[in-house]
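Peer 1: give the three-dimensional model of this entry:
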Amino acid sequence: MRSFLLTAVAMGVLATSAPALALAEAQMQAPDSAPLFDAMFQDHAVLQRGRPVNVWGRAAPGAAVSVSLGQTQVQATAGPDGAWRAALPTLTAGGPYVLTAQSGGAIQTLSDVMVGDVWLCSGQSNMEFAVRQASNAESEIANANDAKIRLFLVGRSSLPAPSSTPHSVGQWRTTSPQSVRDFSAACYFMGRDLRRTEDVPVGLIAASWGGSIIEDWLSRSAVEKLGGHQEALNALDAYARDPLRGDAIWRQVTQDWWRANDPGTKQGWHLPRTNDADWAPIPAEGFWESTVPGLATFDGIVWLRKEVELTAAQARQGATLELGPVDDADVTWVNGEYVGGQQGWDSPRTYAIPAGALKAGRNLIAVGVLDTNGGGGAWGPAANKRLVLADGTAVALSSGWRHRVAAPLGDLPNPPRTPWIGGSGTTTLYNGMIAPLGAYGLKGMAWYQGESNIGDYVGYRRLLRALFADWRAQFENPEMRMLVVQLANFGPAASQPTNSYWAALRESQRTVVNEGPLAGLAVAIDIGDRYDIHPTNKLEVGRRLALEARRLDGQVQPVSPQPVAVTRAADGVHVRYAASAQLVAHGSNRPVGFELCGSDNACRFVDATLAADEVVLASAMATDLKVRFCWADSPVCNLYGPAGLPAVPFEAEIR
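Peer 2: Numbers count the residues shown, from 1 in each chain. Model (predicted):
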């Protein structure tokens, strides 16, 4: 059982709201006025029904603590460090209640506390996506008035280790136009839908970070169990003790990876002697997907080079190279000397150039750029790219850049990610945003993440399994529901079968969800946006999450059809669904989006016919080994089941 106490050393900056800061300041007052309850317990909180309720806090060492909720009272004793913990007996839905802790002459009273269902919503930008950004936002915000939906928005916080001091990371608030405006849209709409059918109080905790990878949401113990991350963990430990030491260790790791894996580095593209006359021009700003036709769908390494003419007086000075943000990672060289490298798609690059590194006449700036998904390149404003000399004068770098492709992402091993950078690091979001929640009682979690792990869809299966186990241990609930939003359609349509990273990660999500009875998959393949990775129809995402939550409680039948068998017969390959799937084809008299793949891994679109609970692929050949459905970044597929929900995209072997 994981302790709710946080005992590791912490370094970093905690991002919180103003109300949360006020609570944190209150905890740092004199002991006789300090709260007895942990900061997770506040006015307007929701406690989880149907199971014992953990409550905890701090009092004088060895002191007796009495906790009461309504007519229920339990006792606890503070340990030598002042930490105490108690368990209220299993509660039924209801409220409002008064929750009180008393120890000696100190007393803390919390009012308007409800008992119902509590959900944690987490992930990257599509879960972070606020109600104010969603479709029909003005009306949804104006009508947000259900007093029995309570919202807890966790402030962004990235820490190399969990904090040793309990602190507030958010505030419980009743639902109102003001509180819902910046809250997670998918989370809020899910909770609102559940309230309409369950009629119990609902508590929603939103803890998301745009662009985050799943590794950053795992605890250190979970990452260690996975293996393969010890180098990052060692650097993270060093950084927590001494940021300069940690940075030096990771700089060497990064340079070793580029030397070992990047064709451009191996061929000396960072050196002045390289002839770049045949390199193509590239604009000094904007993502290369939108500015260079040949890179419209490219993820991988591209090198950028720019020549700068300096006078002898300019060259004698030290300087600062300002490149603006680079998506996602870079290694930067001046005249063949390494000056810096960084990770983070929206982090401006500023690198010091020591005196003596520049020279009179021609100087070369070379930047290796690694893009792992989404936009790529030195995308910031051209006007912000400059060489600032020690005397304060600046040389513009707003034009004259050239580029050459080094390697697509699929040809590269996983690149190193700086372990302490929030969103793309290792364990830092768990430390800053999940660990402070302690063992707060939850019914389940809703997870909308995966876009930032597209490059390693195989490894994602292990990571998602680890997340399920890790968070069930954190919140001490082995029956915690795990809802996953399968990645929506995004990217160009395909006229031929393609090996899609997006489709492969969807399959990883489906596979892991299907491994246990307490997980659910909300399919979003038809409600994305080919041109926008952040589709605005979060109302439907929330509805589908709520449907999956109710399915896990046995209140509704399976709603997104999945195949139960894929078999070969005399008349072709049969994809059989459950009899309750109630399959229909929208917009056609037959399903579309099915593929057959042979032993050479070549796939082809095939005609399909719908026969009750089966889809029959009559053109199958003896050499066909597997079936794919809805397999593309933005597939066109029209097979639906109950409640107007699409069939689940999948890949399956033919048995």
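Peer 1: quick one: the strands in the stretch 101-250 of the chain, in order.
Peer 2: For the stretch 101-250 of the chain, the strands defined by DSSP state E, counting those that start in this stretch cover 106-123, 149-153, 172-174, 202-208.
Peer 1: low-confidence ranges in the stretch 1-150 of the chain?
Peer 2: 1-33 (pLDDT under 70).
Peer 1: among the strands of the stretch 101-250 of the chain, which is nearest residue 653?
Peer 2: In terms of C-beta to C-beta, the element of these nearest to residue 653 is strand 106-123, at 30.2 Å. To be clear about C-beta, it is placed using only N, CA and C from the backbone, and glycine gets the same treatment.
Peer 1: hmm, back to that, adding distance to residue 457 and mean neighbour count as columns, could you present the strands of the stretch 101-250 of the chain in TSV?
Peer 2: Formatted as TSV, these follow (distance: least, C-beta to C-beta, whole Å; neighbours: other C-beta atoms under 10 Å):
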stretch	distance to residue 457	mean neighbour count
strand 106-123	17	22
strand 149-153	31	26
strand 172-174	37	21
strand 202-208	21	27
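Peer 1: in TSV: the ones you listed, plus distance to residue 290.
Peer 2: Shown next, in TSV, are those (distance: least, C-beta to C-beta, whole Å):
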stretch	distance to residue 290
strand 106-123	26
strand 149-153	32
strand 172-174	39
strand 202-208	26
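Peer 1: how long is stretch 167-186 from one end to the other?
Peer 2: The first and last residues of stretch 167-186 sit 27 Å apart, counting by C-alpha to C-alpha, to the nearest Å.
Peer 1: can you give me the buried ones in that stretch?
Peer 2: Of the residues in stretch 167-186, 167-175, 179-180, 182-186 count as buried by neighbour count, 16 or more other C-beta atoms under 10 Å.
Peer 1: what ranges do the strands span in the stretch 451-600 of the chain?
Peer 2: 481-485, 519-522, 563-569, 572-577, 584-585, 594-598.
Peer 1: relative to residue 71, which of these is closest?
Peer 2: Closest among the strands of the stretch 451-600 of the chain, using C-beta to C-beta: strand 481-485, at 29.7 Å.
Peer 1: who does that closest one pair up with?
Peer 2: strand 444-448 (parallel), strand 519-522 (parallel) (DSSP bridges).
Peer 1: quick one on the thing from earlier: looking at the buried residues of stretch 167-186, which one is closest to residue 476?
Peer 2: residue 169 (18.7 Å).
Peer 1: pLDDT wise, what is the closest one at?
Peer 2: The per-residue pLDDT reported for residue 169 equals 96.
Peer 1: doesn't residue 156 make contact with it?
Peer 2: No. At 9.5 Å, residue 169 does not count as touching residue 156 under the criterion of C-beta atoms under 8 Å.
Peer 1: mutual contacts of these two, please.
Peer 2: 432, 433 (C-beta atoms under 8 Å, 6 or more residues apart in numbering).
Peer 1: on that earlier part again, so which of the buried residues of stretch 167-186 comes closest to residue 202?
Peer 2: residue 175 (9.4 Å).
Peer 1: out of everything not next to it in sequence, what's closest to that closest one?
Peer 2: Excluding its sequence neighbours, the residue lying closest to residue 175 (C-beta to C-beta, 6 or more residues apart in numbering) is residue 149, at 4.3 Å.
Peer 1: do residue 118 as well
Peer 2: residue 203 (4.0 Å).
Peer 1: OK, contacts around the one you found?
Peer 2: 45, 46, 47, 48, 114, 116, 117, 118, 119, 150, 152, 172.
Peer 1: where's it relative to residue 51, distance?
Peer 2: Note on residue 203: its distance to residue 51, by C-beta to C-beta, to the nearest Å, is 14 Å.
Peer 1: residue boundaries of the strands in the stretch 251-400 of the chain?
Peer 2: 280-281, 300-310, 319-325, 329-334, 337-343, 348-353, 361-371, 386-389, 394-396.
Peer 1: which among those is found nearest to residue 620?
Peer 2: So among the strands of the stretch 251-400 of the chain, strand 300-310 is nearest, using C-beta to C-beta, at 35.3 Å.
Peer 1: partner strands of the closest one, parallel or antiparallel?
Peer 2: strand 361-371 (antiparallel), strand 402-408 (antiparallel).
Peer 1: pLDDT on that strand, on average?
Peer 2: 97.
Peer 1: any idea how far that strand is from the chain center?
Peer 2: Distance of strand 300-310 from its chain centroid, counting by C-alpha atoms, centre = their mean, to the nearest Å, is 32 Å.
Peer 1: what does stretch 167-175 give?
Peer 2: With C-alpha atoms, centre = their mean, you get 21 Å for stretch 167-175.
Peer 1: straight-line length of that stretch, end to end?
Peer 2: Chord length of stretch 167-175, first to last residue, is 24 Å (C-alpha to C-alpha).
Peer 1: show me the shaky parts of the protein.
Peer 2: 1-33.
Peer 1: before we move on, back to that, winner for burial among the strands paired with strand 481-485?
Peer 2: Ranked by mean neighbour count under mean count of other C-beta atoms under 10 Å, those are led by strand 444-448, which reaches a mean of 28.
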